[in-house]
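Novice: prediction below, plus the sequence it came from.
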Amino acid sequence: MAQTVLHPANTRGAADHGWLKSFHSFSFAGYYNPERIHFGALRVLNDDFVTGGMGFGEHPHDNMEIISIPLEGELQHKDSMGNVATIKAGEIQVMSAGTGIYHSEYNSDPNHPAKFLQIWVFPNQRNVAPRYDQINIDKDTRNEFIQILSPNADDAGVWIYQDAWFNLANFDKSTSRTYTLNKKENGVYVFVLSGRLEVNGQPLAIRDGLGIWDTDSFEVKAAENAEFLLMEVPMKF
Amino acid sequence: MQKIEILIIGTNEPIVKTIARLIDKKDQWHAATAFSLNDALEHCYAKAYHLILIGAGIDDRQEEVLKLHLEKLQQDTPVVKHYGGGSGLLYAEIYQAIGK
């Protein structure tokens, strides 16, 4: 029988640095909750709001798969591999930090905030050569799961060093679909971006998270128009 | 009060130094750095640490060699792989390892 863990939006950790407001689904930086360390290989899910013209100065990363999904606005990215790019809503960015990378991210628009999800997944290999990629994602298709990340370079979306699959979805009210896991030993973390959902009958509102595992599949139904992210990750890694 | 002594091993010097700086921001913690297995072994033979963090560039074989030496030294120091390279996960990794 499927097991679940519910993380209501208002139970997330919160940090307010003035220019950066962040909600942490799992322990991060100054927020430490021993009951909320990770969901399988999913280690970080930060819901960030960056004031116009502000951002993260140069800082390091190593041995982590780092995925950024802008929800509103844009961020300018620069890294020690020589990549300079602007990432905006409708795109997804991935970095395999591996042996080490330095980067900065700024909201280059002084007049509008940037909102984005920062997601970290434990890699299945340590000390890989760092890499960066950025692609457009399909935001037009409705009522289907749209794969935006996988372990395979030749599959839809970006790829990472982990047996993980991410799907974005935009469902009209009352749409119902079955999500079938790629690997039955994986689990899925459902995160609601807008609207209301039901997952196997469990109601979820905006920014609620639900982890589900020990199942081959589950039902997702939109209680109202809803956008959401499904993050399938190994539960043991 | 005795500080928690933490040794960080990694081959990426700027990242190891960044992690050490972040650790030293906490009054009750103190960081030492090693940039190779041999460097780390010298540290461990000189004194016992409360925690050892394995950073980027140190592979599983080197980690095993380190653990064998700790066993020989009868030190039961937890050896933890560090992920992320910055402040994001660091404090949770340390709190978990030292049982907070």
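Specialist: Yes, it's here.
Novice: residue in chain A nearest to chain B?
Specialist: Residue of chain A nearest chain B, by CB to the nearest CB: residue A:62 (3.5 Å). To be clear about C-beta, it is placed using only N, CA and C from the backbone, and glycine gets the same treatment.
Novice: and the pLDDT for that residue?
Specialist: Looking at residue A:62, its pLDDT stands at 95.
Novice: residue B:85 now?
Specialist: pLDDT at residue B:85 comes out at 82.
Novice: what parts of chain A come near chain B?
Specialist: Taking CB under 8 Å from any CB of the partner chain as the contact definition, chain A meets chain B at A:27-30, A:32, A:34, A:37, A:43-44, A:59-64, A:97-102, A:120, A:122, A:126-127.
Novice: could I get the contacting residues of the residue of chain A closest to chain B?
Specialist: A:97-101, B:10, B:12, B:15, B:55-56, B:82-85 (CB atoms under 8 Å, 6 or more residues apart in numbering or on different chains).
Novice: ok, and the most crowded of those residues?
Specialist: residue B:85 (30 neighbours; other CB atoms under 10 Å in any protein chain shown).
Novice: once you drop chain neighbours, what's closest to it?
Specialist: Spatial nearest neighbour of residue B:85, chain neighbours left out: residue A:62 (3.5 Å); criterion: CB to CB, 6 or more residues apart in numbering or on different chains.
Novice: distance of the one you found from residue A:46?
Specialist: 18 Å (CB to CB, to the nearest Å).
Novice: residue A:189 touches residue A:42, doesn't it?
Specialist: Yes. Between residue A:189 and residue A:42 there is a contact under CB atoms under 8 Å: 5.4 Å.
Novice: neighbours of the residue nearest to residue B:24 when sequence neighbours are not counted, how many?
Specialist: Spatial nearest neighbour of residue B:24, chain neighbours left out: residue B:31 (5.4 Å); criterion: CB to CB, 6+ apart. By the criterion of other CB under 10 Å, residue B:31 has 23 neighbours.
Novice: how about residue A:31?
Specialist: Neighbours around residue A:31, by other CB under 10 Å: 19.
Novice: the one 10 residues further on too?
Specialist: When neighbours are counted by other CB under 10 Å, residue A:41 registers 24.
Novice: need the contact list for it.
Specialist: A:121-122, A:124, A:162, A:164, A:233-235, A:237.
Novice: any idea how far it lies from residue A:71?
Specialist: When residue A:41 is compared with residue A:71 (using CB to CB), they lie 23 Å apart.
Novice: also residue A:218?
Specialist: For residue A:218, the distance to residue A:71 - CB to CB - is 24 Å.
Novice: out of these two, which sits in the busier spot?
Specialist: residue A:218 (22 against 16).
Novice: the more buried one contacts residue A:197, correct?
Specialist: No. Between residue A:218 and residue A:197 there is no contact under CB under 8 Å: 11.3 Å.
Novice: generate a ChimeraX selection restricted to the buried subset of the residues of chain A next to chain B.
Specialist: Buried residues among the residues of chain A next to chain B (16 or more other CB atoms under 10 Å in any protein chain shown), as a ChimeraX selection:
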select /A:27,28,29,32,37,43,44,59,60,61,62,63,64,97,98,99,100,101,102,120,122,126,127
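Novice: which ones are touching the residue positioned nearest the centre of chain A?
Specialist: Centrality entry for chain A: nearest residue to the mean C-alpha point is residue A:119, 4.2 Å, by CA atoms, centre = their mean. With contact set as CB under 8 Å, 6+ apart, residue A:119 has these partners: A:42, A:44-46, A:66-69, A:231.
Novice: by mean pLDDT, flag the weakest helix or strand of chain B.
Specialist: helix B:87-98 (a mean of 93; mean pLDDT, DSSP states H and E).
Novice: quickly find the element holding residue 43.
Specialist: As the question left the chain open, I've gone with chain A. strand A:42-50 (DSSP states H and E).
Novice: try chain B instead
Specialist: Going by DSSP H and E, residue B:43 is in helix B:37-46.
Novice: now do the buried residues in that helix.
Specialist: B:37, B:40-41, B:43-44.
Novice: direction included, what does the helix or strand following that helix pair up with?
Specialist: Next in sequence after helix B:37-46, counting helices and strands by DSSP H and E, comes strand B:51-54. Note on strand B:51-54: by DSSP bridges, its sheet partners are strand B:4-9 (parallel), strand B:79-81 (parallel).
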